[in-house]
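In: one predicted model, sequence on top.
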Amino acid sequence: MSESTRTAARGAAFWICYAVTVISAGVSVTFSVLAVVDGGLEATDALYAASRSTALVVLALVAPLFRSDDALLAIAAAMTIVQGIDTFVGAVQGDVAKTVGPAVLCLVTIVAATFLARSDRVRGRA
């Protein structure tokens, strides 16, 4: 494989993981804000969820400014955990949409993060 092909693959791994992580964080913050809107300021749990989701989406959005693979992988891991727990909550509630959607995002995030983690950039083989 030529050097330019390897460089392109390493860059693609970062941007694919970034896109999937931002989508996952964006979906999470959207649902938590909708829960706040639905429940008003009395919905304390929704307010806490919105604050944490907002922090994750901001971190995901600024990751490219630093081009830190490790930071992006940490955010992707956090979003995998969030979506995994959301899958469990949806299953417990018996809501198919709240189970399948987060499960798909969880799996896609795992694949994208694995793609980045296994790229030559992260493993030190530039």
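Out: Received, thanks.

In: C-alpha only now, for contacts and for neighbours.
Out: OK.

In: hey, where'd the strands end up in the chain?
Out: Here the chain has no strands by DSSP state E.

In: can you spell out which helices and strands pack onto the top helix by length along it?
Out: Among the segments of the chain that qualify as a helix by DSSP state H, the longest is helix 3-39. Using 3 or more CA pairs under 8 Å, 6 or more residues apart in numbering; DSSP states H and E, the elements in contact with helix 3-39 are helix 44-66, helix 69-93, helix 96-117, helix 120-123.

In: look up how far residue 70 lies from the nearest residue to residue 49 once chain neighbours are set aside.
Out: Distance criterion CA to CA, 6 or more residues apart in numbering; nearest residue to residue 49, sequence neighbours excluded, is residue 32 at 5.9 Å. Distance, residue 32 to residue 70, using CA to CA, to the nearest Å: 26 Å.

In: which regions of the chain sit below the pLDDT cut-off?
Out: The model of the chain has pLDDT under 70 over residues 1-9, 120-126.

In: any idea which residue is closest to the centre of it?
Out: The centroid of the chain falls nearest to residue 21 when counting by CA atoms, centre = their mean (3.1 Å).
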